[in-house]
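Chemist: just a sequence and a predicted model for now, questions to come.
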Amino acid sequence: MTTQNHILYSFRRCPYAIRARLGLKIAGIDYEHREVLLRDKPAEMLAASPKGSVPVLVLKDGRVIDESFDIMVWALQTHDPENWLGPDMEVMLSLTQTIQGPFVEHLNRYKYASRYSTDAGRASVDLSRRAKACTILQNFENLLTSSPYLMGKKASLADYAVFPFIRQFAAVEKNWWDEPEFPNLHTWLAQFLGSAIFNGVMSKYPPYAPDEQEVNPTFS
Ligand SMILES: N[C@@H](CCC(=O)N[C@@H](CS)C(=O)NCC(=O)O)C(=O)O
């Protein structure tokens, strides 16, 4: 089915959705934003992508892209004004996969410890998982000792595909994160969190309700 505009099913705080929105934003691609409640996903989204995860991009011509990294690459192949696709794609992919694979697994178990444990007396965060995630982060910290960005002097797809996950990790125990264990990552992350592009994709939308007209976002 063809539509007047591309449609993005998204969830504001989801790191996968954030990076998809970043790719669409830098590429200057206009789309209809549909904010999703993860506990009540719209039937149209599930019809387009039955696996039920956000983000889902439904293109005007009916094609569906339902992997966040693929949405970024599709957008950048359309228009890449800052040459995010410049560095070696295999290395960018490998950095990204480390984050969305083992790092996210530790992050989820660190952040949502009680969901993964049958031990009723367990602390709210799992520090052993935090330590495992930190082993991965140390490699990223090391990369940032020799260059300001993961792949050199300029920010690239690798940085934008990775930082939303580090943001989520940093927010679990903010006071702990603010200790100087990863000074380079700290500076790197702070720069992205203060950037116009990041703040430009963090508008708040009410949940999508079919049959209602598109609404304007609010900022906070
Ligand atoms: N591999 C997917 C993963 C996306 C994903 O896991 N998104 C989460 C939200 S952050 C989700 O939709 N989970 C399904 C749910 O919570 O029901 C991608 O890169 O787009």
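Modeler: Now that the structure is in, tell me what you want to look at. Note that the coordinates shown come from a computational prediction; the quantities given were computed from them, not determined experimentally.
Chemist: so Leu76 makes contact with Lys25?
Modeler: No: the pair Leu76 / Lys25 is not scored as a contact, 11.1 Å apart, by Cβ atoms under 8 Å. Where C-beta positions appear, they are placed from N, C-alpha and C, glycine not excepted.
Chemist: when the two are compared, which one has more neighbours?
Modeler: Taking other Cβ atoms under 10 Å, Leu76 and Lys25 do not tie; Leu76 has more neighbours (23 against 16).
Chemist: OK, contacts around the more buried one?
Modeler: 23, 26-27, 84-85, 157 (Cβ atoms under 8 Å, 6 or more residues apart in numbering).
Chemist: C-terminal to the strand or helix carrying it, what's the next element?
Modeler: Assigned by DSSP states H and E, Leu76 belongs to helix 68-78. Per DSSP H and E, the first helix or strand lying C-terminal to helix 68-78 is helix 89-98.
Chemist: how about that next one: buried residues?
Modeler: Residues of helix 89-98 classed as buried by neighbour count (16 or more other Cβ atoms under 10 Å): 92, 95-96.
Chemist: likewise stretch 59-69?
Modeler: 59, 65-69.
Chemist: now find how far off-centre the least confident helix or strand in the chain by mean pLDDT is within its chain.
Modeler: Within the chain, confidence by mean pLDDT, DSSP states H and E is lowest for helix 174-177 among all helices and strands, at a mean of 93. Here helix 174-177 is found 20 Å from its chain centre; the criterion is Cα atoms, centre = their mean, to the nearest Å.
Chemist: which helices and strands does that helix pack with?
Modeler: helix 157-172 (3 or more Cβ pairs under 8 Å, 6 or more residues apart in numbering; DSSP states H and E).
Chemist: how far off centre is the helix it packs on?
Modeler: The mean C-alpha position of helix 157-172 is separated from the chain mean by 7 Å, Cα atoms, centre = their mean.
Chemist: and the angle from it to helix 89-98?
Modeler: Going by axes from the mean of the first three to the mean of the last three Cα atoms, to 10 degrees, helix 157-172 is angled at 20 degrees with respect to helix 89-98.
Chemist: just want the angle from helix 157-172 to helix 68-78.
Modeler: 140 degrees.
Chemist: follow-up on the earlier one: in the helix or strand that comes right after the least confident helix or strand of the chain, what's buried?
Modeler: For helix 174-177, the following helix or strand on the C-terminal side (DSSP H and E) is helix 183-193. The neighbour-count check on helix 183-193 (16+ other Cβ under 10 Å) flags 184-186, 188-189, 192 as buried.
Chemist: and what of stretch 45-55?
Modeler: Those would be 45, 48-49, 53-55, for stretch 45-55 by 16+ other Cβ under 10 Å.
Chemist: burial measure for the residue nearest to Lys111 when sequence neighbours are not counted, as a count.
Modeler: Spatial nearest neighbour of Lys111, excluding adjacent residues (Cβ to Cβ, 6 or more residues apart in numbering): Val172 at 4.9 Å. Counted with other Cβ under 10 Å, residues neighbouring Val172 total 16.
Chemist: pretty sure Val172 sits against Arg109.
Modeler: No: between Val172 and Arg109 there is no contact under Cβ under 8 Å: 11.3 Å.
Chemist: format the buried residues of stretch 59-69 as TSV; extra columns: distance to the ligand and pLDDT.
Modeler: TSV is the format used below for these (distance: Cβ to the nearest ligand atom, whole Å; pLDDT from 0 to 100):
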residue	distance to the ligand	pLDDT
Leu59	16	98
Ile65	9	98
Asp66	6	98
Glu67	5	98
Ser68	4	98
Phe69	6	98
